[in-house]
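Q: Would you be able to build a 3D model of this:
(one chain, ligands or ions: 1)
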Amino acid sequence: MLSYSILKRLNKEIKLLVRYKNPPDHWSVLRKKIHPVDKALNHFDDFYKQVFDKQWLTIRKGLLGTQKYVAIINNYGDSEEAMRKLELGGAINMRTLFNLEKGYIQEKLEKRMQKSRLQQIFDVDEMIEKVVENNTKNEITNAEVHKKQFSLDSSLQNAEYDTRRLVDSKNALSAEILYEFVPATKIKGKEDFIPESSHYKLYDNESQFAVSIEKEYDVHFPEFLNIYCYEAESKNDFESPKKGSTGVLNYYLMDGGSVLPVLALDLEPGSKMLDMCAAPGGKSLLALQTLYPDCIVSNDISYSRLNRIENVYKQFLYDFKEKWLSTEHIKLTNRDGRIIVEDNFDRILVDVPCTTDRHSLHENDNNIFKPSRIKERLQIPELQRQLLFNALKLVKKGGIVVYSTCSLSPIQNDGVVHMALKQIWEETNMEIVVKDLTPALQQTTNVFKMADKKLLKYGHLVLPNLAQNYGPTYFCKLQKIK
Ligand code: SAM
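A: Okay, the predicted model is just below:
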């Protein structure tokens, strides 16, 4: 006989089972719940399909696939040894890939120039032939007229006055005329070669403000910066970094797309740089590895995330506090980027908080598509605009600001740049030029899949895809002229 209490418990459990056919942690129950990652995918499917059209399927596969990394060699660790090992494992220095493509582009350009030069020489030849032909015809006609008008006798009688048979250098083909064509041909040929700085104004009908856009033809790859990647389609992956003889790690792994905003900063020896939204510190560390900046200020509004930057620096720099912090080569600051007032920066990176598209599709924790974060998500573009606007105010005259996100959203990308430029135009006397890096980025096509420039107004976008799964990374280079 079962006791009353056991019967009561059994009854309760049977009721529970009837209520939930499966317990709440059963896979079928879990699957029905809409997670933030699902929300993110629904949102992207709706929005990005309209932006990228047929290309969205490829990008989507990339975003849902495995992200690819590149290895930034630590110049303060066992760098030679690390590079040797990576090369043995089939990794390639990104500089080599850029240079290969650059050489190929140069070769194509030269062939095109040679072809156009030959064409011009051919055209000139043709012109000369025509001139000769006409002149010969004229001479024959003149001679016939002359022959008819004057008999030999009368001609001989008037011989001393007859100058018409002398060749007039102005009409005939002379060395002088030939010479005039030659330099013209050379200058014409050179036009293709001289980087043409097309500086034009874009007028937006709705907002009525002028934007200057200037083309750039080269990406400067700092001499001491070594970044390793694997070829497109390669399934190879980097091992976790290892500590060397000085106790610091040999390389830092980051999404390949993150390299481009730092290269776009065009750091120079002695630069003073602000990384406005720096945590966890990957791009600050990458900037440091160029060996160029005299001072890097790594700022973040979040104190706990600032600790993450410090930990990254400590893992990669020997004697971080004594050698780097106390000498002010590196500064860690914990401020809201919108209200930083310290200025005089040569370079500012504004790598803003965004919808972090790839992360939002893979991690439910801390996901910006959580219902509790809706308000924060909707306010993102406004926060981004304020951060960029302040950076443009803080940068020195002649200095460079790079704005970047890891989102595909045109609102958070070109949209924010547009809003910040509009505010600059309406509220200040500053002059900002947008740098169009399209020609310069041609040398990166071995490594990155860039979005078609037709889809973008100001910046550039690395598109995820299964073959070379980096990004998304949007970046826009801006220079303060006045
Ligand atoms: N640049 C970093 C890197 O490469 O490792 C990633 C930066 S993450 C995309 C954006 C950062 O902006 C976050 O660490 C966040 O705490 C910070 N942030 C958000 N709002 C900010 C603000 N108002 N001022 C400064 N930092 C802010």
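
Q: Which strands and helices lie in contact with the lengthiest helix in the chain?
A: For the chain, the longest helix by residue count, based on DSSP state H, is helix 94-149. Under the contact definition 3 or more C-beta pairs under 8 Å, 6 or more residues apart in numbering; DSSP states H and E, helix 94-149 sits against helix 175-191, strand 227-229. For the C-beta atoms, the positions are set from N, CA and C on the backbone; glycine is no exception.

Q: Next, the residue nearest to Ser407 when sequence neighbours are not counted: secondary structure please.
A: Excluding the flanking residues, the one nearest Ser407 by C-beta to C-beta, 6 or more residues apart in numbering is Cys354, at 4.3 Å. Secondary structure, DSSP: H, G, I helix; E, B strand; the rest coil: Cys354 is coil.

Q: all strands of this structure, in order?
A: 69-73, 92-93, 199-203, 210-215, 227-229, 251-255, 272-275, 295-299, 330-333, 345-351, 395-405, 432-436, 460-462, 473-480 (DSSP state E).

Q: To the ligand, which of the ones you listed lies closest?
A: strand 345-351 (3.5 Å; C-beta to the nearest ligand atom).

Q: What count of nearby residues applies to the closest residue to Ser79 other than its chain neighbours?
A: Nearest non-adjacent residue to Ser79, counting by C-beta to C-beta, 6+ apart: Ile73, 5.1 Å away. The local packing of Ile73 (other C-beta atoms under 10 Å) involves 22 other residues.

Q: And the one 10 residues further on, by the same measure?
A: By the measure other C-beta under 10 Å, the count of residues near Met83 is 18.

Q: give me every residue that touches it.
A: Met83 makes contact with 73, 93, 226, 228, according to C-beta atoms under 8 Å, 6 or more residues apart in numbering.

Q: before we move on, what about Lys435?
A: Lys435 neighbours (C-beta under 8 Å, 6+ apart): 213-216, 264, 477-479.

Q: Pull up the residues of the stretch 251-400 of the chain that are close to the ligand.
A: Contact residues (C-beta under 6 Å from any ligand atom) of the stretch 251-400 of the chain with the ligand: 258, 276-283, 300-302, 305, 336-338, 351, 353.

Q: ok now stretch 446-458, how far from the chain's centre?
A: 8 Å (C-alpha atoms, centre = their mean, to the nearest Å).

Q: so how far is the first residue of it from its last?
A: Using C-alpha to C-alpha, to the nearest Å, the end-to-end distance of stretch 446-458 comes to 23 Å.

Q: got the contact list for that stretch?
A: Outside stretch 446-458, the residues touching it (C-beta under 8 Å, 6+ apart) are 51-52, 94, 97-98, 100-101, 202, 211, 213, 229, 232, 256-257, 260, 410, 413-414, 417-418, 421, 434, 438, 441, 444, 460-465, 467-468, 470-471, 476.

Q: Neighbours of Leu332, how many?
A: Leu332 has 20 nearby residues by other C-beta under 10 Å.

Q: For it, which residues are in contact?
A: Contacts of Leu332 (C-beta under 8 Å, 6+ apart): 298-299, 306, 309-310, 325.

Q: partner residues bridging the residue nearest to Ser79?
A: Tyr251 (DSSP bridges).

Q: what residues are up against it?
A: 79, 82-83, 226-228, 250-251, 289.

Q: again, 6 Å this time
A: By C-beta atoms under 6 Å, 6 or more residues apart in numbering, the contact list for Ile73 reads 79, 82-83, 226, 251.

Q: which of the residues in stretch 62-74 are buried?
A: Within stretch 62-74, the residues that count as buried by 16 or more other C-beta atoms under 10 Å are 62-63, 67-74.

Q: make that stretch 462-478, sorry
A: Neighbour count says stretch 462-478 has 462-465, 468-478 buried, by 16+ other C-beta under 10 Å.

Q: What of stretch 45-58?
A: 48, 51-52, 55-56, 58.

Q: Kindly export it (C-alpha atoms) in CSV.
A: Backbone C-alpha positions of stretch 45-58 (Å, rounded to 0.1, in the frame of the first residue of the first chain) are rendered in CSV as follows:
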residue,chain,number,x,y,z
ASP,A,45,16.9,39.1,-43.1
ASP,A,46,14.3,41.8,-43.3
PHE,A,47,16.7,44.8,-43.5
TYR,A,48,19.8,43.6,-45.2
LYS,A,49,17.9,41.7,-48.0
GLN,A,50,16.7,45.1,-49.1
VAL,A,51,20.2,46.6,-49.0
PHE,A,52,22.3,43.8,-50.5
ASP,A,53,19.7,42.1,-52.6
LYS,A,54,21.0,38.8,-54.1
GLN,A,55,24.3,39.2,-52.3
TRP,A,56,22.6,38.9,-48.9
LEU,A,57,22.5,35.1,-49.2
THR,A,58,26.3,34.9,-49.5
